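In: Below: sequence and its predicted model.
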Amino acid sequence: MQFLSEVKSIIVFILTYLHRNAWTIIFILGGGYFCYDNFLHPLIHKYQTNQSYKQATDPNRIAVLSPDMRRIRAKQQQIAQQRSIEAEEKRKQYQKEERERKRVKSPEEERWDRLGGVGKKLGSVGR
């Protein structure tokens, strides 16, 4: 029972304190947030950016990563060359098909196509 009365008295004390000092607490929190947002956060961000840059440009780290980077770049270059060769072959094939499609056929070729590529041999008797 005594524990509950102590808890109750603590809660009443806290509520009374908050009731008396509510605006003071609100202004202190608002001012703290304003100071953090306008002054402290930019300084922290600048410090972290500088640290990140130092780590990224560390000569020891670059020396370790350079061979991997060269190997990957060479592989990417090889893949790009293969793609360009394939694209060139496709382009040539397309141009060839386009020339064939646009070509004017002679009457003999048209007759040959109408017959389905089947014709009479010279000297054959039957039809």
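Out: Alright, I've got the coordinates.
In: tell me the phi and psi of the spatially most central residue of the chain?
Out: Nearest to the mean C-alpha position of the chain, by C-alpha atoms, centre = their mean, lies residue 76 at 17.0 Å. Main-chain dihedrals, residue 76, degrees, to the nearest 10: phi -60, psi -40.
In: quick one: it from residue 67, how far?
Out: As judged by C-beta to C-beta, to the nearest Å, residue 76 and residue 67 stand 15 Å apart. For the C-beta atoms, the positions are set from N, CA and C on the backbone; glycine is no exception.
In: Check the residue nearest to the centre of the chain and give its pLDDT.
Out: You'll see residue 76 listed with a pLDDT of 96.
In: for it, what are its contacts?
Out: By C-beta atoms under 8 Å, 6 or more residues apart in numbering, the contact list for residue 76 is empty.
In: need the helices for this protein, in chain order.
Out: 2-35, 41-56, 59-102, 107-114 (DSSP state H).
In: which other helices and strands contact the helix or strand of the chain with the lowest mean pLDDT?
Out: The weakest-scoring helix or strand in the chain, judged by mean pLDDT, DSSP states H and E, is helix 107-114 (a mean of 77). Contacts defined by 3 or more C-beta pairs under 8 Å, 6 or more residues apart in numbering; DSSP states H and E place helix 107-114 against no helix or strand at all.
In: just to revisit the earlier point, how much space separates the residue nearest to the centre of the chain from residue 69?
Out: 10 Å.
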